[in-house]
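*Asks:* my questions concern the predicted model and sequence given below.
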Amino acid sequence: MFGRIPLRLALALALVATVSIRAQAPVNVRLATLAPDNSPWTGALRSMGTAWEKATERRVRLTVYAGTIPSESSAIARMAVDGLQAATLMVAGLSEIDEAFNIFGVPFFFESDAELAHVQQKLTPLIRERLQAKKYHLINWGNAGWVQLFSKKPIKNLADLKASKLFTAEGDDRVVQWYKSYGFNPVPLAFNDIPAQLKLRTGMIDAAPSPPQGALLLQFFRDAPYMLQVRVAPLIGATVIADKAWNAISPEDRAKMVDAAQAMENKLMGAAPKIDADDIAAMKSRGLTITDLDPKAAAEFHATAEQMIKSMRGGMVPADVFDMALAERDAFRKSKGK
C-alpha cells in the first residue's frame with residue numbers, strides 16, 4: 001500500500017506539469033532584423049519559427065519582420081516597450097545592449113572561422129550572463145560571412161583607404177571618433193543606405209565594408225565594383241529575446257526553442273564559408289574586380305590594426321572580455337602551432 005504512494009505522486013506531478021504547459025497562453029514572438037527578406041538568414045529564422053511552433057504545439061509562434069526597421073537602434077527601443085519581443089542584430093546593434101559584443105567587430109582580431117568559433121564558444125557563458133543582467137536572453141549566434149572592402153576605386157594601400165569616405169554603422173559616435181583618431185574618414189549610416197549613397201556620383205560614401213552576401217543581395221557591388229581581398233572581421237550576429245517574453249514561456253518550451261535555435265546556428269555557421277565563396281564568384285562573373293595588397297601594404301595594414309586593437313581594451317570592449325578573448329585566441333593559435 002505505502003509502496004504505491006510515490007508512484008501516484010509522480011503521476012500527479014506529471015499531470016500537473018502537463019496541464020501547466022498546455023495552460024500557457026500562446027506567445028507570439030515578433031522579431032525584427034535588418035537582413036533582407038530574400039537572405040539566407042531570414043529564411044533560417046522563419047524555419048526556426050516553424051520548428052518552435054511545431055515543438056511547442058503552437059504555444060510559441062514567431063513572426064519575422066525582415067528589412068522593415070529603420071535601424072537596429074529602433075528595434076532595441078521597441079523591445080524596451082514590448083513593441084517587439086526579439087531581434088536578430090549585428091555587432092553594432094548588439095553592442096548597444098552590451099559592449100562585450102564589440103570584440104567580434106575588432107578589425108583583424110580573428111584570422112579564421114575555426115579561431116572565431118573557439119573564442120565565441122568560450123565567451124558565450126559570460127555574454128549570456130551579461131545579457132541576462134540587462135533583461136535579455138541570447139537565443140543563438142549567426143554568421144553573415146567575412147567583411148571585405150567594396151569601393152568605387154581600387155584600394156591598394158592604407159593611404160587609399162584613409163582617403164576614402166568609409167561607411168561605418170550608425171549608433172555609436174565613439175566608433176566614429178575612434179576611426180578618425182587613426183586618420184580614417186568614417187561616415188555613419190544605416191546599412192540599408194549603402195546602395196543609394198554609392199549610386200550617387202558625389203554620395204556620402206565611396207567605400208563600404210560588407211560581407212559578400214550583403215553586397216550581392218543589395219546589389220551595391222555594381223556601383224562599388226572593386227573588392228579588396230582582406231578579411232577585416234567576421235560579421236557576427238545574434239538573436240536576443242526580451243525578458244518579459246522569455247518569462248511568459250514555460251521552461252519546457254524554452255528548452256525546445258533553444259534546441260531549434262542551436263540547429264539554426266549550426267547551419268548558418270557551417271554554411272557561411274561556402275556562401276562567401278559562391279557570392280564572390282557570382283559578383284566576379286558580373287564585373288567585380290578583386291584586388292590584393294602587396295606584402296608591404298599588407299604589413300602596413302596589420303601594423304595599424306594592431307595599434308587599433310589594443311586601443312579598444314577598456315574603452316569600447318570591457319577589459320575582462322577583451323583579455324579573455326585575447327587569451328583564448330592566442331591559446332588556439334598556439335595549439336595550431338602558430
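*Replies:* Nice, thanks for sending it over. This one's a predicted model, so the numbers in the text were calculated from it and none came from an experiment.

*Asks:* check contacts around the closest residue to Trp146 other than its chain neighbours.
*Replies:* Closest residue in space to Trp146, ignoring its immediate chain neighbours: Arg231 at 4.4 Å, by CB to CB, 6 or more residues apart in numbering. (Glycine included, C-beta is placed from N, CA and C.) Contact partners of Arg231, counting by CB atoms under 8 Å, 6 or more residues apart in numbering, are Phe108, Phe110, Glu111, Trp146, Val147, Gln148.

*Asks:* buried sites along the helix or strand harbouring Arg231?
*Replies:* Arg231 is part of strand 226-242 when elements are defined by DSSP states H and E. The neighbour-count check on strand 226-242 (16 or more other CB atoms under 10 Å) flags 226-228, 230-242 as buried.

*Asks:* C-terminal to that strand, what's the next element?
*Replies:* Where DSSP H and E defines the elements, the next helix or strand beyond strand 226-242 is helix 243-247.

*Asks:* so which of the contacts of Arg231 wins on neighbours?
*Replies:* Across these, the neighbour count under other CB atoms under 10 Å reaches its highest value at Phe110, namely 25 neighbours.

*Asks:* ok, that residue - contacts?
*Replies:* Phe110 makes contact with Leu116, Val119, Arg231, Ala233, Pro234, Arg329, according to CB under 8 Å, 6+ apart.

*Asks:* equivalent analysis for Gln219, please.
*Replies:* Gln219 is in contact with Pro195, counting by CB under 8 Å, 6+ apart.

*Asks:* can you check the one 4 residues further on too?
*Replies:* By CB under 8 Å, 6+ apart, the contact list for Asp223 reads Lys152, Pro195, Leu198, Lys199.

*Asks:* hmm, Phe184 and Lys162 touching each other?
*Replies:* Yes. The pair formed by Lys162 and Phe184 meets the contact definition of CB atoms under 8 Å, at 5.5 Å.

*Asks:* thinking again about what came up before, from the contacts of Phe110, pick the one nearest Ser210.
*Replies:* The shortest gap between Ser210 and any of the contacts of Phe110 belongs to Ala233, at 11.3 Å (CB to CB).

*Asks:* test my guess that that closest one contacts Gly105.
*Replies:* Yes. Using CB under 8 Å, Ala233 and Gly105 qualify as a contacting pair, with a distance of 5.6 Å.

*Asks:* thinking again about what came up before, which one's more surrounded, Lys162 and Phe184?
*Replies:* Neighbour comparison, Lys162 and Phe184: the larger count goes to Phe184, with 19 against 15 (by other CB under 10 Å).

*Asks:* how much space between that one and Ile155?
*Replies:* Note on Phe184: its distance to Ile155, by CB to CB, to the nearest Å, is 12 Å.

*Asks:* give me the phi and psi for Val251.
*Replies:* Careful, residue 251 is Pro; it's not Val. Dihedral pair for Pro251: phi -60, psi -40, per degrees, to the nearest 10.

*Asks:* what is the burial count for it?
*Replies:* For Pro251, the tally of surrounding residues (other CB under 10 Å) stands at 9.
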